[in-house]
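Q: generate coordinates for the sequence data below:
(one chain, ligands or ions: 2)
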Amino acid sequence: MFSAPGDGYSRFPQACFAGIKKTDKETDKEDELRKRMKKTGDSLIEEDRKPGYNPDDWGVCIKGNGGKEGMLERCDFRQARDLMMEHVGPVGMQKAPLSACAGRILARAVTAQEDVPPFDRSPYDGYAFRAKDVEAASLQDPVTLRIVDYIAAGDVPHTGITAGTAAHLMTGAPVPEGADAVLPFEKTRFTDEEVTISSPVKPGSNVVRAGEDIRKGMTLCGAGVRIDAGLAGTLAGQGIFEPYVYKKPLVGVISTGSEILEEGETPAPGRIYNSNRYALQTACELAGCRSIYIGTVIDETDTIAQAIASALKTCDAVILSGGVSVGDFDCTPAAMEKAGVEILAHGLALKPGMAGAYGIFDDRKSDPSGGQGDGAIPVFGLSGNPAACMTAFYAVVLPVLRKMMGFAPEDCIPAKLRVRLSGDYSRKNQSARLLRGKVDLTAVVQEMQPAAGQGNQMLSTLAGSNAFAEIPAGTTVQAGETVDAFLMGDI
Ligand code: AMP
Ligand code: MG
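A: Residues are numbered from 1 along each chain as shown. Ligands and ions are numbered 1, 2, ... in the order given. Reported below is the predicted structural model:
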């Protein structure tokens, strides 16, 4: 377990950073890229260089022998998402007490075992009688019926209803044989012995028919549906108190970065608190997964590889943050490979979230009987920049986790919508950009207010956001224009 620094992991001595001059970001990045080119023999294609860009905005595409055959480089985020989704499956199913099933995903379709309601019943406290008996009733000429039964909810009728008689019955009580209408007591005049009705009532009025809600034999719900309040109640109505649900994937979260401070550690110059761990674990748990913090590791390939290997032993999915760019201390992709992860996609054509390594660990290859669940273990190496990390989480990771959770295929991809932006985004990008912001779901035309700061390090603007609007590569948008968007979670 790597749960805290000090669990055998020494941090890089700060002196290690002295070799990188951080005075001029642009020059610095070029230097880093050149160093990497020297190391890997990659060719460097510069698409766009602007002064003042940040680490995730290089606009540089590395091609050549740096990439493995078949590995996607700087692909559309949907391609990386779909490729990762192809390799994973639900992590298994279990019976769980219905009382603990809120938000769980139903693993088996449910067929109705009985009609709901199981018998014709009264929706009111009132009187049951034959509609025919009161067809001529009027204010001037009301009809009086003799009360022959008293039926509480939970009782069975003690006698049938014949001409000229009525039963006094409560809400939920069975409508007796012979009666075909009910009137609430407020619409009658009554004594203990008699009830008087002064208008005609249609046959069938106020009788809830057996099977009106659910008919025996009908499919109540398919597999892959989230158990919400309505479904929980519906299952209980069928006497199903231990449904089959999919197991919750366990997601291991690893933070990389020698600068990362843990809870309880004393702040020091150059060090920053670990935001990504908490953002990622919260997002995983809100999505319906379980999460475990594996720990924070220094920027060193072997150390990161060890942490990944440890996570792979127990987790169904692994998410790392940091160290996926091309800096000297960006070791996560190499560490992933060292731990046996096959990288399927390296980098995305996405801002924020360009840096990233997406791979799978397929233990079924070495042990066909083994493995955890119905697919490989996805390993996501996300940018350390908090907003880039979380953008990639919602764009790529969440749909993959949803497939592992057992969501129906059409529900794995976040719900799409069109939104009218109520703010400009005037910067042209070489890659698609996902603007985070808040969609007003109550508006007739969905309005989205992009958050004020869209920088890849600005996590605070993700708080309260519920959607991403997509600004296609090479375009800008003005307030009032309509663009595609997707929700971060459920509505
Ligand atoms: P990296 O992806 O490692 O190049 O990191 C990019 C930026 O994100 C750097 O400024 C890091 O210090 C910062 N960063 C990395 N990991 C975290 C984290 N867990 N929480 C907050 N910031 C981080
Ligand atoms: Mg780093």
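Q: for the closest residue to ligand 1 within the stretch 251-400 of the chain, which three-state class applies?
A: The stretch 251-400 of the chain approaches ligand 1 most closely through Gly384 (2.5 Å), counting by C-beta to the nearest ligand atom. All C-beta spots, glycine's among them, are computed from the backbone N, C-alpha and C. Following DSSP: H, G, I helix; E, B strand; the rest coil, Gly384 is assigned to coil.
Q: shouldn't Ser333 be within a strand?
A: To be clear, residue 333 is Pro; Ser isn't right here. No - counting by three-state DSSP, Pro333 is not found in a strand; it is helix.
Q: what helix or strand does the nearest residue to it once chain neighbours are set aside sit in?
A: Leaving aside its chain neighbours, Pro333 sits nearest to Ala357 (4.2 Å; criterion: C-beta to C-beta, 6 or more residues apart in numbering). Ala357 is part of strand 356-361 when elements are defined by DSSP states H and E.
Q: which residues sit against that strand?
A: Residues external to strand 356-361 that are found in contact with it (C-beta atoms under 8 Å, 6 or more residues apart in numbering): 80, 83-84, 87-88, 312, 318, 324, 332-333, 336-337, 339-348, 376-383, 392, 396.
Q: inside helices: which ones of those?
A: Restricting the contacts of strand 356-361 to those inside helices, with DSSP state H as the criterion, leaves Ala80, Leu83, Met84, Leu312, Thr332, Pro333, Met336, Glu337, Ala392.
Q: reformat those residues as a markdown table; add distance to ligand 2.
A: Conversion of the ones in helices among the contacts of strand 356-361 to a markdown table gives the following (distance: C-beta to the ion, whole Å):
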| residue | distance to ligand 2 |
| --- | --- |
| Ala80 | 21 |
| Leu83 | 25 |
| Met84 | 23 |
| Leu312 | 22 |
| Thr332 | 8 |
| Pro333 | 12 |
| Met336 | 15 |
| Glu337 | 18 |
| Ala392 | 15 |
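Q: now the helices for this protein?
A: Taking DSSP H as the criterion, the chain carries its helices at 25-40, 77-86, 229-237, 275-287, 301-314, 332-338, 386-392, 398-405, 409-412.
Q: most packed of those?
A: Relative to the other members of the helices of the chain, helix 386-392 carries the highest mean neighbour count by mean count of other C-beta atoms under 10 Å, namely a mean of 30.
Q: helices or strands next to that helix in the packing?
A: Under the contact criterion of 3 or more C-beta pairs under 8 Å, 6 or more residues apart in numbering; DSSP states H and E, the helices and strands touching helix 386-392 comprise helix 275-287, strand 350-351, strand 377-382, strand 432-440.
Q: redo the ones you listed as TSV? Include mean pLDDT.
A: As requested, these are exported to TSV (pLDDT from 0 to 100):
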stretch	mean pLDDT
helix 275-287	97
strand 350-351	94
strand 377-382	98
strand 432-440	94
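Q: let me have these in a markdown table, extended by distance to ligand 2.
A: What follows is the helices and strands packed on helix 386-392, written out as a markdown table (distance: least, C-beta to the ion, whole Å):
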| stretch | distance to ligand 2 |
| --- | --- |
| helix 275-287 | 11 |
| strand 350-351 | 18 |
| strand 377-382 | 11 |
| strand 432-440 | 22 |
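Q: in JSON lines, list the ones you listed along with distance to Thr196.
A: Supplementary listing: the helices and strands packed on helix 386-392 in JSON lines, determined by distance: least, C-beta to C-beta, whole Å:
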{"stretch": "helix 275-287", "distance to Thr196": "58"}
{"stretch": "strand 350-351", "distance to Thr196": "74"}
{"stretch": "strand 377-382", "distance to Thr196": "72"}
{"stretch": "strand 432-440", "distance to Thr196": "54"}
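Q: relative to Asp484, which of these is closest?
A: Distances from Asp484 to each of the helices and strands packed on helix 386-392 were compared using C-beta to C-beta; the minimum, 10.0 Å, belongs to strand 432-440.
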